[in-house]
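Engineer: Predicted coordinates and the sequence they were generated for:
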Amino acid sequence: MSKNIKSITNPKLSLNILTPAEVQKIHDATLNIIENIGVRFPSKRALEIWAANGATVDYDKMIVRAKPHIIEDALKKAPPAFSLGARDEQQNCLMDGNHVFLGTDGCGVEVIDIHTGEKRTSELKDVADIARLADATEEIGFHWVALSAQDKPAETRGLHEIKAVWENSTKHVQTESVYNEREARAAMEMAITIAGSKEELRRRPVLSLMQCTAPPLGHDGGSLDAALIAAEHGVPTGFMTMAANLTTGPATLAGNLAVGNAEVISGAALIQLAYPGAPVFYAAAQTASDLRNGAYTGGGPEDFLYGAATNVLSDFYNMPLSMGSFATGAKEPNWQAGLENSLSTFMACIVMSDMLLGAGFLHGSRIWSYAEMMLDCEIFSIIHKVMQGIVVDDETLALEAIANVGPGGNFLTQKHTRKHMREIFLPQFMDRRPYSEWENKKDDARDWALEKARKTLATHQPETLDKNISAEMSRIIASLEGK
């Protein structure tokens, strides 16, 4: 099995969605929000860090108001590029603004069973199986822990999950399920065990943490404390806003961008005030609430626009971006899923978002589908091909081959054709069969995608993790469960 990872790099396509003046307006509005309205930081340690750096802190309401220069000076200390390390260094993911890597999504609570097709509650075995499938899939560059291991204790569930992924893949692991300082310190111990030493973990961070904000204009206290522990160890961490039009954000897209931006950059600034130079990334999965019932949509034109606009903002701050893509609101792999996931991912890719999240999920990141993961990877492969654009040079103009064929011939036997034929995209799941064959079988992409997932799980064996390392991680987890 190839250890290659497919990423989009050196694109020939580009998109202009926000002018520099519009970006500056959003930035100025964001600073106004942080200075005059404030952001909630329900963490004693976070509040003390802000106070020590000149911010106005309301300890009773746990709201921080900071002058623009505090935020801007702090953000300048964030590294513009870094790598997400992997067990196999060949699979490190470079966050430099010139690569787009695809990850799975997390952290869902239900899975469509790969054998029975029935929807059920997720378990630790599902986490391991998805990691093994993603390990074998070149479109997946890194893991976001896909499902919640609900058969494990809540206080150590996140640790069981990252252990299961490390045991079943050599790719980078990112989690949103480490919520407090105690769990974060244990996760750092486990990461050091994987990397080999504290110094090696800093050089090759095999773990990264994603922390969701609490919109509008808030953070989760335990997540803040966990993020600070990660930063202390040189482990990349990001703050993801999921502010939604109408409910946790204004009805207008620009206003919602400003609210989400205030959440994200205030979190990133806190990390830089505490640990200057610590790797941080911008993260966003903004959407619109449905006008009929206020529900999270998980797809639609607003999502597509946010996917592009958020990357422009992260570029303004010179920070890598993790962007919520895929994760359709559809209930099964269907027309809606294909439409939403294609458009959201194309918009995020054309602006070169560093990390894409969402492959494999239905119903707005609630239900995992193996078939959907395979279909999402095909979407990414199509966009990967499109982003290469059209190369125009003497070789690709093919004048010699054209002259050899002349009017009325064909190019099938030409040496030039044999040389370049495999550059043509060959889909796995698009139905290009004769109509009569389809009419006879009536199967489709969902059937083929599910069959590929089943076959991969039955045959792929990832590089084995040292048993002593697994045992040490089990000991670390057990030490928390015993308290």
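Structural biologist: Ah, there it is. Residues are numbered from 1 along each chain as shown.
Engineer: Now stretch 359-366: buried residues?
Structural biologist: Ala359, Gly360, Phe361, Leu362, His363, Gly364, Ser365 (16 or more other CB atoms under 10 Å). Every residue, glycine included, has its C-beta placed from N, CA and C.
Engineer: Pretty sure the third one sits against Ala371.
Structural biologist: No - under the criterion of CB atoms under 8 Å, Phe361 is not in contact with Ala371, lying 11.8 Å apart.
Engineer: For whichever helix or strand Ala403 is part of, name the packing helices and strands.
Structural biologist: Ala403 is part of helix 399-405, with elements assigned from DSSP states H and E. Secondary-structure packing of helix 399-405 (3 or more CB pairs under 8 Å, 6 or more residues apart in numbering; DSSP states H and E): helix 415-420.
Engineer: Centre of the chain to the helix or strand that the helix it packs on is followed by, how far?
Structural biologist: The helix or strand immediately downstream of helix 415-420 is helix 435-441, counting by DSSP H and E. Distance of helix 435-441 from its chain centroid, counting by CA atoms, centre = their mean, to the nearest Å, is 38 Å.
Engineer: Next, the contact list for Ser276, please.
Structural biologist: One correction, residue 276 is Pro, not Ser. Taking CB atoms under 8 Å, 6 or more residues apart in numbering, we find Pro276 in contact with Lys77.
Engineer: Mind checking what secondary structure it has?
Structural biologist: coil (DSSP: H, G, I helix; E, B strand; the rest coil).
Engineer: For the residue most central in space within the chain, give its distance to Met473.
Structural biologist: Most central in the chain under CA atoms, centre = their mean is Leu357, positioned 3.0 Å from the mean C-alpha point. To Met473, Leu357 is 24 Å away according to CB to CB, to the nearest Å.
Engineer: With Leu257 instead?
Structural biologist: 40 Å.
Engineer: so what's Ala278 up against?
Structural biologist: Ala78, Ala231, Glu232, Gly234, Thr237, Ile271, Gln272.
Engineer: I'd like the distance between it and Met188.
Structural biologist: In terms of CB to CB, Ala278 sits 13 Å off from Met188.
Engineer: A strand includes the residue nearest to the centre of the chain, no?
Structural biologist: Yes - using three-state DSSP, the secondary structure at Leu357 is a strand.
Engineer: For Arg422, state which of the buried residues of stretch 359-366 is nearest.
Structural biologist: Ala359 (24.9 Å; CB to CB).
Engineer: For that closest one, list the residues it contacts.
Structural biologist: Counting by CB under 8 Å, 6+ apart, the residues that Ala359 touches are Leu102, Gly103, Thr104, Asp105, Glu139, Ile140, Phe326, Glu372, Met373, Asp376, Cys377, Phe380.
Engineer: Lowest-confidence one in those residues?
Structural biologist: Minimum pLDDT for these is recorded at Asp105 (82).
Engineer: Contacts only, for Ala268.
Structural biologist: Ala74, Leu75, Ala78, Gly238, Phe239, Val280, Tyr282, Tyr317, Met319.
Engineer: What helix or strand is it located in?
Structural biologist: helix 253-274.
Engineer: buried ones in that helix?
Structural biologist: 253, 256-274.
Engineer: what distance separates that helix from the middle of the whole chain?
Structural biologist: 18 Å.
Engineer: pLDDT averaged over it, what's the number?
Structural biologist: On average, helix 253-274 scores 98.
Engineer: Give me the sheet partners of the following helix or strand past that helix and which way each runs.
Structural biologist: Scanning forward in sequence from helix 253-274 by DSSP H and E, the next helix or strand is strand 280-284. Paired neighbours of strand 280-284 in the sheet (DSSP bridges): strand 237-241 (parallel), strand 321-324 (parallel).
Engineer: Show me what counts as buried in strand 280-284.
Structural biologist: So strand 280-284, judged by 16+ other CB under 10 Å, has buried residues Val280, Phe281, Tyr282, Ala283, Ala284.
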